[in-house]
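**Student:** Sharing a sequence plus its predicted fold:
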Amino acid sequence: MVKSRAAVNVEYGALRFFCALVNLMPYPVATAVARGLAGFLFHVVRFKRARTVARISAAFPRKSPRAVNAIAVRSLANVLQSAVEMIRAPRFTRRWMDRHVIDGLKYHGRLKSLVDEGRGVVIMVPHSGNWYMAAWSMAKYGLKLFALAAPQRNPKIDAWMKRQYGDIEVLDRSDRSTLGAIREKLRAGRAFAILPDLRVKTPDVEVPFLNGRANVSHAGAMFAVRSGAPIVVAAMRRVKGRHAFRHIATIRPDMTANPKDEAVRLTREVMRLINDEVTAHPGEWYWYNKRWLLEPVRK
């Protein structure tokens, strides 16, 4: 549905007003306000509280109601802090990354060594922490990544988002030419960051995930199989006001195996590692985002 010009301008105006407020605050103050707002929204406004609590309780049936609520508040705080960081992204410098991303330069070196092999790298990350911070930090250290994103319905907000991505090259996931572009960039030795989609509606790769079953696309793993690129499973976490980049594993495709079977195997292994990461740090996961719900598959 196409938005009216009035709706486009009102939404964009509200966004820029909010951006101006956030940019007036020092970074620690802005993130502290985001954390406080998360508690207010959860406990007072009860923003999506019932649905989110039910989702977390289903994933962790042994956790107490108090623990479940704490996960929900931390998750919402993470979302709001990530919004603050998206707004402030053009201000981030390498020096800022040195202060706020733990061991960022060390992980850049590890990824750079894989990129230098010349087959590209497929980086699979869970939708937790601020994964954009991983990409922004790697770019500031000289390793530019590319990723996929759906265009925003509001064209002015879509243009704003593209500016905020900065050094991250973002391809339109709805463009038919994107698949070919991904293959070409991997062949050129580029690093491709992707978040596995848990809402594939047609049968693909079924995996156990968060005490349920997820239907996951094998497309990301297939890019690695076709190009011979290693898969890096990684995650970002917030640690005392800073960001911790965790390189969980490097998985290499078996180039002698059947491509589809190997892509399925890799997808299951990646999702097992991501499940372990989210289970260990559930407050970092985006429980509020409906895109990461486990939905029935259309038969």
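**Tutor:** Cool, the structure landed.
**Student:** Centroid-nearest residue for this protein?
**Tutor:** Per C-alpha atoms, centre = their mean, the C-alpha nearest to the average position across the chain is that of residue 127, at 3.7 Å.
**Student:** thinking that residue is in contact with residue 287, fair?
**Tutor:** No: here residue 127 lies out of contact with residue 287, judged by C-beta atoms under 8 Å, at a distance of 9.9 Å. In short, each C-beta sits where N, CA and C put it, glycine included.
**Student:** so where's this structure uncertain?
**Tutor:** Scanning the chain for pLDDT under 70 picks out 1-2, 290-299.
**Student:** in it, which helix has the most residues?
**Tutor:** helix 65-88 (DSSP state H).
**Student:** List the contacts of that one.
**Tutor:** Defining contact as C-beta atoms under 8 Å, 6 or more residues apart in numbering, one finds that helix 65-88 is touched by 18-19, 22-23, 27, 30-31, 34-35, 37-39, 41-43, 47, 49, 52-53, 56-57, 60, 63, 128-130, 132-133, 164, 238, 282-289.
**Student:** same thing but at 6 Å, please
**Tutor:** With contact meaning C-beta atoms under 6 Å, 6 or more residues apart in numbering, helix 65-88 is reached by 19, 22, 30-31, 34-35, 37-39, 42, 52-53, 56-57, 130, 164, 282-284, 287-288.
**Student:** Would you mind checking those residues for buried ones?
**Tutor:** Buried residues within those, counting neighbours by 16 or more other C-beta atoms under 10 Å: 19, 22, 30-31, 34, 37-38, 42, 52-53, 56-57, 130, 164, 282-284, 287-288.
**Student:** What sits closest to residue 55 if chain neighbours are left out?
**Tutor:** For residue 55, ignoring the flanking residues on the chain, the nearest one in space by C-beta to C-beta, 6 or more residues apart in numbering is residue 287 at 5.8 Å.
**Student:** Correct me if wrong: that neighbour contacts residue 53.
**Tutor:** No: Residue 287 sits out of contact with residue 53 when judged by C-beta atoms under 6 Å, with a separation of 9.1 Å.
**Student:** Could I get the contacting residues of residue 18?
**Tutor:** If you count contacts by C-beta under 6 Å, 6+ apart, residue 18 has none.
**Student:** Would it be right to say that it lies in a strand?
**Tutor:** No: counting by DSSP: H, G, I helix; E, B strand; the rest coil, residue 18 is not part of a strand but helix.
**Student:** mind checking how far it is from residue 186?
**Tutor:** Spatial separation of residue 18 from residue 186 under the definition C-beta to C-beta, to the nearest Å is 37 Å.
**Student:** now the strands for the stretch 1-150 of the chain?
**Tutor:** 101-102, 121-124, 145-149 (DSSP state E, counting those that start in this stretch).
**Student:** Which of these sits closest to residue 95?
**Tutor:** With respect to residue 95, and counting by C-beta to C-beta, the nearest of the strands of the stretch 1-150 of the chain is strand 101-102 at 11.2 Å.
**Student:** contacting residues around the closest one?
**Tutor:** Here strand 101-102 has contacts from 137, 242, 243, 244, using C-beta under 6 Å, 6+ apart.
**Student:** which phi and psi does the spatially closest residue to residue 190 that is not a sequence neighbour have?
**Tutor:** Closest residue to residue 190 apart from its sequence neighbours, by C-beta to C-beta, 6+ apart: residue 120 at 5.5 Å. Phi and psi for residue 120, reported as degrees, to the nearest 10, are phi 80, psi 170.
**Student:** correct me, but residue 120 touches residue 188?
**Tutor:** No: in terms of C-beta under 6 Å, residue 120 does not count as a neighbour of residue 188; the distance is 7.2 Å.
**Student:** between the two, who's got more neighbours?
**Tutor:** residue 120 (25 against 10; other C-beta atoms under 10 Å).
**Student:** Could you measure from the more buried one over to residue 201?
**Tutor:** 29 Å.
**Student:** most neighbours per residue, which of the strands of the stretch 1-150 of the chain?
**Tutor:** strand 121-124 (a mean of 26; mean count of other C-beta atoms under 10 Å).
**Student:** Any chance you could give me it in PDB, C-alpha atoms only?
**Tutor:** This file holds the C-alpha atoms of strand 121-124, laid out as PDB (Å, rounded to 0.1, in the frame of the first residue of the first chain):
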ATOM      1  CA  VAL A 121      32.900 -14.900   3.700                       C
ATOM      2  CA  VAL A 122      29.300 -15.500   4.800                       C
ATOM      3  CA  ILE A 123      28.700 -14.100   8.300                       C
ATOM      4  CA  MET A 124      25.600 -15.400  10.000                       C
END
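**Student:** what does that strand contact?
**Tutor:** Among residues not part of strand 121-124, those counted as contacts by C-beta under 6 Å, 6+ apart are 114-115, 191-194, 223-224, 229-234, 270.
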